[in-house]
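# Output the structure for:
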Amino acid sequence: MRTPRTSLQNHRSSRRRFLKTSATVASVAATGTFIGGSRQLAGNESLLQDAIDIRRLPGSTVVDVVRGQGYFPVIATLGDKRLAVVHRGGDGHVGVRGRLDISYSTDSGQTWGQPSTVIDSPLDDRNPAFGVSSNGTLLVAYQRRGGYDEEGKEIVDMDRVDTRVICSRDGGRSWVDDSPLSYNRLNGTSPFGKIRSDSDGTLYLPVYSGPFLADLRGFVATDKDYTPAYLLRSYDQGETWTNPILIGLGLAEPDVLFLPNGDWLAAARTGPLVTCRSSDGGKTWGDLQQVTESREHPPDLTLLNDGQILLTFGRRNPPYGVQGLISRDLGHSWESRRLLFADELPGRDIGYPSTVRQDNGRMVTTFYSAGTHEEPHTFHKAVNAFCRAVCYDEAALLAAWDAR
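Numbers count the residues shown, from 1 in each chain. Below is the predicted model:
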């Protein structure tokens with residue numbers, strides 16, 4: 001059992017540490033792959049040409065998971081038709097009153113119950129990652145941030161931050177063992193997205209930002225900045241986290257998918273989205289490529305039943321919304337045709353899609369939106385905030401794809 005600790009560690013700017021290790025980054029050609037600046041892929045008209053609107057497929061429904069909150073949702077399946085979504089409430093995109101809640105569905109996402117609280121400290125609890133271990137333990141990793149101004153809005157001290165993990169062993173009825181990340185070298189990083197497991201039951205927690213661990217090798221790099229993206233591993237159902245893998249530098253909000261051929265496919269935010277892959281269990285990474293345009297992020301990867309891959313992301317360019325792409329060759333390339341999950345959202349405080357595929361073939365993609373068309377960027381207050389779910393049949397998606 002982890003020993004609880006309530007005080008925040010003081011993490012000095014990681015960027016200064018990155019600059020001191022520029023020699024390591026400069027030698028990335030010997031240890032990984034480098035990619036230059038993002039490029040424009042296509043105009044808005046060509047991007048949406050021949051797009052498939054998921055909301056209009058036979059059997060599709062669109063429902064609200066929660067209103068008045070719902071930032072940064074992460075969805076997981078709990079078996080049968082049961083689903084759970086962890087999301088942020090209590091404040092806007094940024095604010096010291098932020099907490100993490102969870103909402104449940106027992107009918108494949110058609111209806112959702114009232115949210116209950118996972119964690120609500122006096123500081124800002126935010127940026128969740130969510131998953132379920134092989135023994136059924138629900139795991140939420142998150143960032144607890146202090147350093148706000150007297151009104152609890154603007155962050156004035158970027159260093160007051162902890163990375164923490166909390167769990168539930170009774171299906172979400174109670175949450176226990178809220179403690180700082182056991183791997184202290186990466187305390188202060190931000191969790192993101194799905195906590196996944198491989199065929200052996202090892203859990204993988206994506207985190208980014210924080211310090212650059214210069215003793216790790218085999219990573220890729222972009223020219224954006226030195227932001228590191230890691231995977232932390234747990235061999236004991238999420239009790240402890242250790243043995244980090246450095247995916248790359250200049251990457252944020254990473255997601256990793258374990259593919260049927262043994263490769264690992266990673267997608268991450270740089271401005272656009274990029275992907276890279278590992279064929280040796282995360283020891284080395286390569287094949288770094290840009291997939292979307294600027295402000296189309298962050299990523300969520302889902303393996304479909306026939307081996308194709310669904311990549312969803314927020315679109316923070318007009319038309320604001322949530323879109324997707326399909327890969328038919330395990331992520332080596334992506335079809336140009338877009339999938340539409342939302343195209344009517346008010347501005348850039350939107351997105352963060354998270355998708356599950358259930359055994360019955362039903363799929364659910366959740367995302368959030370905040371603001372109005374008149375007031376689209378309300379980062380410090382939850383104006384018109386909601387988390388929404390698009391529920392659809394995998395078979396209908398693939399049939400529509402093959403018919404075009």
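# Need the contact partners of stretch 113-128.
With contacts defined as C-beta atoms under 8 Å, 6 or more residues apart in numbering, stretch 113-128 is touched by 6, 8, 66, 69, 72, 74, 86-91, 94-105, 140-146, 148, 164, 166, 172, 175, 178, 190-192. Yep, even glycine has a C-beta here, placed from its N, CA and C like the rest.
# How are the strands of the stretch 101-250 of the chain distributed by residue range?
Across the stretch 101-250 of the chain, reading from the start of the chain, the strands by DSSP state E, counting those that start in this stretch fall at 116-119, 124-132, 138-145, 161-168, 176-180, 190-191, 193-194, 196-197, 203-208, 220-222, 228-234, 242-249.
# which residues touch the nearest residue to L216 once chain neighbours are set aside?
Once its chain neighbours are removed from consideration, L216 has its nearest residue in L246; the separation is 4.0 Å (C-beta to C-beta, 6 or more residues apart in numbering). Neighbouring residues of L246 by C-beta under 8 Å, 6+ apart: 213, 216-219, 228-230.
# so how far is stretch 284-298 off the chain centroid?
14 Å (C-alpha atoms, centre = their mean, to the nearest Å).
# Tell me the buried residues in it?
284-285, 287-288, 290-298 (16 or more other C-beta atoms under 10 Å).
# quick one on the thing from earlier: rank the strands of the stretch 101-250 of the chain by pLDDT, which is bottom?
Comparing mean pLDDT across the strands of the stretch 101-250 of the chain, the lowest value falls on strand 220-222: a mean of 93.
# Which elements pack onto it?
Secondary-structure packing of strand 220-222 (3 or more C-beta pairs under 8 Å, 6 or more residues apart in numbering; DSSP states H and E): strand 34-35, strand 242-249, strand 286-290.
# try 6 Å
Counting contacts by 3 or more C-beta pairs under 6 Å, 6 or more residues apart in numbering; DSSP states H and E, the secondary-structure elements packed against strand 220-222 are strand 242-249.
# circling back: N360 is nearest to which of the strands of the stretch 101-250 of the chain?
When these are ranked by distance to N360, counting by C-beta to C-beta, first place goes to strand 124-132 at 17.7 Å.
# Let's see that closest one as CSV, backbone CA atoms only.
What follows is the C-alpha trace of strand 124-132 in CSV, where atoms were taken according to Å, rounded to 0.1, in the frame of the first residue of the first chain:
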residue,chain,number,x,y,z
ASP,A,124,-6.8,21.8,-8.8
ASP,A,125,-7.3,18.0,-9.6
ARG,A,126,-7.1,17.7,-13.4
ASN,A,127,-5.7,15.9,-16.5
PRO,A,128,-6.9,12.3,-15.8
ALA,A,129,-5.8,9.0,-17.2
PHE,A,130,-8.1,6.1,-16.7
GLY,A,131,-8.1,2.4,-17.0
VAL,A,132,-9.0,-1.0,-15.5
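# quick one, it and strand 161-168 angle?
Angle of strand 124-132 versus strand 161-168, following axes from the mean of the first three to the mean of the last three C-alpha atoms, to 10 degrees, is 40 degrees.
# Show me what strand 124-132 pairs with in its sheet, parallel or antiparallel.
strand 138-145 (antiparallel), strand 193-194 (parallel) (DSSP bridges).
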